[in-house]
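Visitor: 3D model of this:
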Amino acid sequence: MTPPHPSARLPHLTHLRNVKMARSAHAYVRGSTVQFYEWLHSQPGRRLPQGPSIWICGDCHAGNLGPTANTKGHIDIHIRDLDQAVIGNPAHDLVRLALSLATAARGSDLPGVTTARMLEEMMRGYEQAFEDKPDEAPPRPAQVKASMRSAVQRTWKNLARERIENARPTIPLGKHFWPLSRKENAAIKTLCASPEIHQLVTSLKGRSNDAEVELLDSAYWVKGCSSLGLLRYAVLLGVGDKADQEYCLIDIKEAAGAAAPRSARARMPRDNGKRVLEGALQLSPALGERMIATRMLDHGFFIRELLPQDMKLELDELSEIDAVHAAGYLARVVGIAHARQMDRASRKKWIADLQVSRSKQLDAPSWLWTSVVQLVGKHEEGYLNHCRRYALEN
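Guide: Residues are numbered from 1 along each chain as shown. Modelled structure (predicted):
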């Protein structure tokens, strides 16, 4: 593929986004955050419980959880994408995760009864996170174990082959990386010479605070789905002396306004980059400590170094047992992120609120089941209409 000129990116990015969202119903769910909240709040009889105002992921689908390393190299499963993070209602994260899990189950051709069991296990896992000792984690499901094994074994060469298709210190232009404009090039050079970037890349375990940091290459990064169309850059840096230089890949991502509704009178940073950073520090401290926020090209950005251990959790071809176990485990990860922001009284009240509207037949709240049933239908309709438009355009 011949990369487009910087002034002609948008039509290509829009086409790529449409292609990705047409691949499957689950891919459509991941790329339709704005529609999710429009549909959620248009549902008849919608009565979600109103939880305490805390930082929520805002786009809590299964693909936004996965193995993440901290500055010392320790790896665990965390929320790993905080673009939509706001101070809001934690019930929104639960509905978003439940919809994602239900769609993944349908994609694996699992029966509807499995979806019911997944939501039951999801609520059990979430509520377990609010117990007095939430860090005593249960055994990891098979899918999570596989991701963790891969994460632990990954090296810079794995990251280079996956992200830049080249273990040498250059970023090859082509399908995933496009050329920069002169203005973008100058802005990135200025940014990479700043003390903030130096501190970011030298903060990881084993790097000297006095190490030299050199800009080796940079490009516009065609990555993600819902973020396609926003400004995003890949920057390759060299750390240390040239004789023993270590490479690192920096992800510079524009922070746009969040679609997730925020709580009334919630006090959050007005700058979107700082909002994402604060959300990360609250929900996934291991990731937030590896991030900075800045302004560049009149936009807010958040920046992090990508580590080989940072991986997306894929829930493809699930068995019934794996699907149920994964639902409980991932909900528990989200629950820990929520619970750490609440005092004991708030945790107790929130768990009591979640117990309302449960029947003897289904150990999941009726508001969650009803929301998921309605949203699965809406997303299926939206997905098929999206595919029809895409087919007509081509």
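Visitor: what sits against the spatially closest residue to residue 54 that is not a sequence neighbour?
Guide: Nearest residue to residue 54, sequence neighbours excluded (CB to CB, 6 or more residues apart in numbering): residue 341, at 4.3 Å. Using the backbone N, CA and C atoms, a C-beta is placed for each residue, glycine as well. Contact criterion CB atoms under 8 Å, 6 or more residues apart in numbering gives 54-55, 282 as the residues in contact with residue 341.
Visitor: go on, residue 240?
Guide: Contact analysis of residue 240 by CB under 8 Å, 6+ apart lists 207-208, 211-212, 246.
Visitor: Report the buried members of these.
Guide: Restricting those to buried positions leaves 207, 211, with burial counted as 16 or more other CB atoms under 10 Å.
Visitor: just to revisit the earlier point, may I see the contacts of residue 341 organised as JSON lines, with pLDDT added?
Guide: Putting the contacts of residue 341 into JSON lines (pLDDT from 0 to 100) gives the following:
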{"residue": "54", "pLDDT": "97"}
{"residue": "55", "pLDDT": "98"}
{"residue": "282", "pLDDT": "96"}
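Visitor: From residue 320, how far off is residue 113?
Guide: Relative to residue 320, residue 113 is positioned 9 Å away (criterion: CB to CB, to the nearest Å).
Visitor: got it, and residue 28?
Guide: 23 Å.
Visitor: Can you tell me which of the contacts of residue 240 end up in helices?
Guide: With helices defined by DSSP state H, no entry of the contacts of residue 240 lies inside them.
Visitor: from the contacts of residue 240, which is closest to residue 9?
Guide: When the contacts of residue 240 are ranked by distance to residue 9 (CB to CB), residue 246 comes first, at 31.4 Å.
Visitor: show me where pLDDT drops low in this structure?
Guide: Across the chain, the stretches falling below the confidence threshold (pLDDT under 70) are 1, 44-46, 132-168, 205-206, 308-317, 357-363, 391-392, 394.
Visitor: residue ranges for the helices of it, please.
Guide: Taking DSSP H as the criterion, the chain carries its helices at 9-21, 25-30, 33-40, 90-107, 112-128, 142-153, 156-159, 182-192, 195-202, 272-283, 285-288, 320-339, 344-354, 366-393.
Visitor: buried ones in stretch 77-86?
Guide: Going by neighbour count (16+ other CB under 10 Å), the buried part of stretch 77-86 is 77-86.
Visitor: What of stretch 257-276?
Guide: 258-260, 262-263, 268, 271-276.
Visitor: Domain-wise, how is the protein divided?
Guide: The chain is divided into the following domains under automatic domain parsing: 18-152+312-393, 156-306.
Visitor: can I get the buried residues of stretch 77-86 in a markdown table with distance to residue 180?
Guide: Conversion of the buried residues of stretch 77-86 to a markdown table gives the following (distance: CB to CB, whole Å):
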| residue | distance to residue 180 |
| --- | --- |
| 77 | 34 |
| 78 | 31 |
| 79 | 30 |
| 80 | 26 |
| 81 | 24 |
| 82 | 26 |
| 83 | 22 |
| 84 | 27 |
| 85 | 28 |
| 86 | 31 |
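Visitor: and residue 303, what does it touch?
Guide: 197, 200, 250-253, 291-294.
Visitor: ok, so of those residues, who is nearest residue 230?
Guide: Nearest to residue 230 among the contacts of residue 303, counting by CB to CB, is residue 253 at 7.2 Å.
Visitor: How about that closest one, nearest residue that isn't a chain neighbour?
Guide: With CB to CB, 6+ apart, the residue lying closest to residue 253 is residue 232, at 5.0 Å.
Visitor: isn't the one you found right next to residue 219, touching?
Guide: No. Counting by CB atoms under 8 Å, residue 232 stays clear of residue 219, with 10.0 Å between them.
Visitor: re earlier: and the furthest pair within the buried residues of stretch 257-276?
Guide: The most distant members of the buried residues of stretch 257-276, if one measures by CB to CB, are 263 and 273, lying 20.6 Å apart.
Visitor: which residues touch the most centrally placed residue in the chain?
Guide: Centre of the chain computed as the mean C-alpha position; nearest residue by CA atoms, centre = their mean is residue 81, 2.4 Å away. With contacts defined as CB under 8 Å, 6+ apart, the neighbours of residue 81 are 57, 59, 63-64.
Visitor: Between the two ends of stretch 104-122, what distance do you get?
Guide: Using CA to CA, to the nearest Å, the end-to-end distance of stretch 104-122 comes to 14 Å.
Visitor: for stretch 36-53, same thing?
Guide: Between the opening and closing residues of stretch 36-53 there is a gap of 20 Å (CA to CA).
Visitor: Pull out the buried residues from it.
Guide: Within stretch 36-53, the residues that count as buried by 16+ other CB under 10 Å are 36-37, 39-40, 48-49, 51-53.
Visitor: of the contacts of residue 341, closest to residue 124?
Guide: Within the contacts of residue 341, proximity to residue 124 (CB to CB) peaks at residue 54, which comes in at 20.7 Å.
Visitor: isn't that closest one right up against residue 339?
Guide: No. The pair residue 54 and residue 339 fails to qualify as a contact (CB under 8 Å) at a distance of 9.2 Å.
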